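In: Let's see this in three dimensions:
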Amino acid sequence: MLQEMSKEIEVKQMNLEKLSTRCEEIAQKSADPQLSSSVVTLATRYQILQATAKVSISLNIFQFVIVHRLVLLLGSDQSMLAHSPY
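Out: Reported below is the predicted structural model:
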């Protein structure tokens, strides 16, 4: 499951990077200040989205590891983990 998510993230990241690069190329060729401003806004939003995704994924992985370790420690006593999303 994590490997599939990782591959999907990589594909989407590559697509977003291509879009960002293409927007920068268009902005460089255009003299329109509004277009340039829009490209900067898009790039900033992309960077914020990327940072937020990294934090979210890191927290989810950390949470998964903690739950996994608890399962290993508790063995078959799963009653304490009944409310875990994992």
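
In: for the record, mean pLDDT for the helix or strand hosting Leu49?
Out: Assigned by DSSP states H and E, Leu49 belongs to helix 33-74. Average pLDDT, helix 33-74: 85.

In: Can you tell me which helices and strands that helix packs against?
Out: Applying 3 or more CB pairs under 8 Å, 6 or more residues apart in numbering; DSSP states H and E, one finds that helix 33-74 contacts helix 2-29. Yep, even glycine has a C-beta here, placed from its N, CA and C like the rest.

In: and the helix it packs on with helix 33-74, angle?
Out: 170 degrees (axes from the mean of the first three to the mean of the last three CA atoms, to 10 degrees).

In: any idea of the mean pLDDT in helix 2-29?
Out: Rounded mean pLDDT across helix 2-29 is 79.

In: Figure out how far that helix is from the centre of its chain.
Out: Centroid separation for helix 2-29 versus its chain: 12 Å, with CA atoms, centre = their mean, to the nearest Å.

In: Mind giving me the packing neighbours of that helix?
Out: Using 3+ CB pairs under 8 Å, 6+ apart, helix 2-29 sits against helix 33-74.

In: how far out from the middle of the chain is the helix it packs on?
Out: Its chain's average C-alpha position is 4 Å from that of helix 33-74, according to CA atoms, centre = their mean.

In: Tell me how far the residue nearest the centre of the chain lies from Gln34.
Out: Centrality entry for the chain: nearest residue to the mean C-alpha point is Ala53, 2.8 Å, by CA atoms, centre = their mean. Relative to Gln34, Ala53 is positioned 28 Å away (CB to CB, to the nearest Å).

In: Could you do Glu8 as well?
Out: 34 Å.

In: Repeat that for Met14.
Out: From Met14 over to Gln34 the distance is 28 Å, taken as CB to CB.

In: With Leu73 instead?
Out: 58 Å.

In: And Thr52, by the same measure?
Out: To Gln34, Thr52 is 27 Å away according to CB to CB.

In: what does Ile48 give?
Out: Ile48 sits 21 Å away from Gln34, taking CB to CB as the criterion.

In: Next: Lys54.
Out: In terms of CB to CB, Lys54 sits 31 Å off from Gln34.
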